[in-house]
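J.: Sequence unavailable; structure follows:
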C-alpha cells in the first residue's frame, strides 16, 4: 500500500505516554503521530522496516518526510478532506544504530523506532540497545498501554 501511492500517511496512535525519568513535564495522553514520506523515493520505501529504523524515512532537513502529532488540547493537524497535514517543523531523532538478528537474519535498526523523540524525550515504540530488544511503548509496565499503526 505505502509504495503504491505517493500520498500515503502512516498514523501511529499511542494509547498512553508515560513520563520517563528525563522528561520535565507531564505528557498529555493519548497521542497520535502522522508521518508522510515525501519526494519520489517512496517506491523503494519499506514501511515495516521504517517503524524500527528511522533513517529509512530519509532526512527531514532535505524534505524527505513530514511529521506532526496530536493530543487533547492541541489542534489536530490532519485534514481528512485533503488527506494531508502540516509539518510540525521537528524531526525524528536517530541516536545510534544497532544490529538485531531475529531468526538468524541481521537487520540494522535505530536505537528507538518511530516517532524518534520528535516532541520530547521518551517518544518511541521500540527499544534496541546493546543487543536487548524491547517491543512496546516506553513506560509500558503493564498490558494497558498499546500502539496501533495505520497506513492510508
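T.: In hand now; what should we look at? Quick caveat, the model's predicted, so the values are computed rather than measured.

J.: residue boundaries of the strands in this structure?
T.: For the chain, the strands defined by DSSP state E cover 9-14, 31-37, 65-70, 78-79, 84-85, 97-100, 107-110, 126-129, 132-135, 147-151.

J.: Let me have those strands in a markdown table, extended by mean neighbour count.
T.: Backbone N, C-alpha and C define where each C-beta goes, glycine included. Below are those laid out as a markdown table (neighbours: other CB atoms under 10 Å):
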| stretch | mean neighbour count |
| --- | --- |
| strand 9-14 | 19 |
| strand 31-37 | 23 |
| strand 65-70 | 22 |
| strand 78-79 | 12 |
| strand 84-85 | 18 |
| strand 97-100 | 14 |
| strand 107-110 | 18 |
| strand 126-129 | 20 |
| strand 132-135 | 12 |
| strand 147-151 | 14 |
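
J.: Where among those strands is average confidence lowest?
T.: Lowest mean pLDDT within the strands of the chain: strand 132-135, at a mean of 52.

J.: so which of the strands of the chain gets nearest residue 91?
T.: Residue 91 lies closest to strand 65-70 among the strands of the chain, at 7.3 Å (CB to CB).

J.: hang on, the earlier thing: closest one to residue 119 among the strands of the chain?
T.: That would be strand 65-70 among the strands of the chain, by CB to CB, at 5.9 Å.
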